[in-house]
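*Asks:* Quick one: sequence and predicted model below, then my questions.
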Amino acid sequence: MRSLGARLAGLSFEGMFIALFGGLGAGKTAFVKGFCAKFGIMEVSSPTFNLVKHYDSGGAAIDHFDCYRLDDEGELFAMGFEEYLYSKSIILMEWSENVPDALPKSRLEIRISGSGSEARSVEMEAFGEEYDRVLEEISK
């Protein structure tokens with residue numbers, strides 16, 4: 001999962017939104033760690049209790065959300081989520097399945113199956129032309 005994160009970071013752009021789906025232990029945070037490491041950000045942990053952590057490497061601004069503890073989108077929007085959507089930060093959101101109506105129209109969805117010592121299966125779906133191009137590049 002870390003290597004996939006690093007590969008996608010190499011194709012990232014300002015304002016990119018990556019929605020991560022998967023159960024406990026699927027590798028969502030590992031993906032985020034690999035993504036952030038590509039920008040030299042090495043201290044990454046899941047923001048389960050904070051909801052969001054902001055990282056700025058000088059080369060990229062990244063907002064890492066964890067929606068595990070949210071009951072619905074209302075809680076996310078109550079904390080000012082809409083402002084994040086209009087920023088130039090890359091947004092990586094874990095537990096996107098908990099807030100489906102908050103996801104922007106243009107995004108990349110990554111669905112991870114498996115956990116622990118099980119093999120992982122990853123499905124990616126692009127919503128928007130810029131994300132179509134990312135999937136084309138990652139498939140090469």
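*Replies:* Looks like it came in fine. If you're wondering where the values come from, they're calculated on a predicted model, not measured in any experiment.
*Asks:* quick one: buried residues of stretch 31-38?
*Replies:* Residues Phe31, Val32, Lys33, Gly34, Phe35, Cys36, Lys38 are the ones in stretch 31-38 that count as buried (16 or more other Cβ atoms under 10 Å). Where you see a C-beta, it was placed from the backbone N, CA and C, and this is true even at glycine.
*Asks:* Equivalent analysis for stretch 4-18, please.
*Replies:* Leu4, Gly5, Ala6, Leu8, Ala9, Leu11, Ser12, Gly15, Met16, Phe17, Ile18.
*Asks:* pretty sure the last one is touching Leu11, no?
*Replies:* No: with contact defined as Cβ atoms under 8 Å, Ile18 and Leu11 do not form a contacting pair (10.8 Å).
*Asks:* so where's this structure uncertain?
*Replies:* Along the chain, the parts satisfying pLDDT under 70 run over 47-49.
*Asks:* swap the cut-off to 80 and go again
*Replies:* Where the chain drops to pLDDT under 80, the residues are 45-50, 58-59, 115-117, 140.
*Asks:* Contact partners for the most centrally placed residue in the chain?
*Replies:* Closest to where the C-alpha atoms of the chain average out (Cα atoms, centre = their mean) is Leu92, at 2.4 Å. Counting by Cβ atoms under 8 Å, 6 or more residues apart in numbering, Leu92 touches Ile18, Leu20, Phe31, Val32, Phe35, Ile62, Asp63, His64, Phe65.
*Asks:* quick one: the strands in the chain?
*Replies:* Counting by DSSP state E, the chain has strands at residues 17-21, 52-56, 61-66, 90-94, 107-113, 121-127.
*Asks:* Need those strands in a markdown table (columns: distance to Glu43).
*Replies:* Converted to a markdown table, those look like this (distance: least, Cβ to Cβ, whole Å):
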| stretch | distance to Glu43 |
| --- | --- |
| strand 17-21 | 19 |
| strand 52-56 | 8 |
| strand 61-66 | 12 |
| strand 90-94 | 15 |
| strand 107-113 | 22 |
| strand 121-127 | 25 |
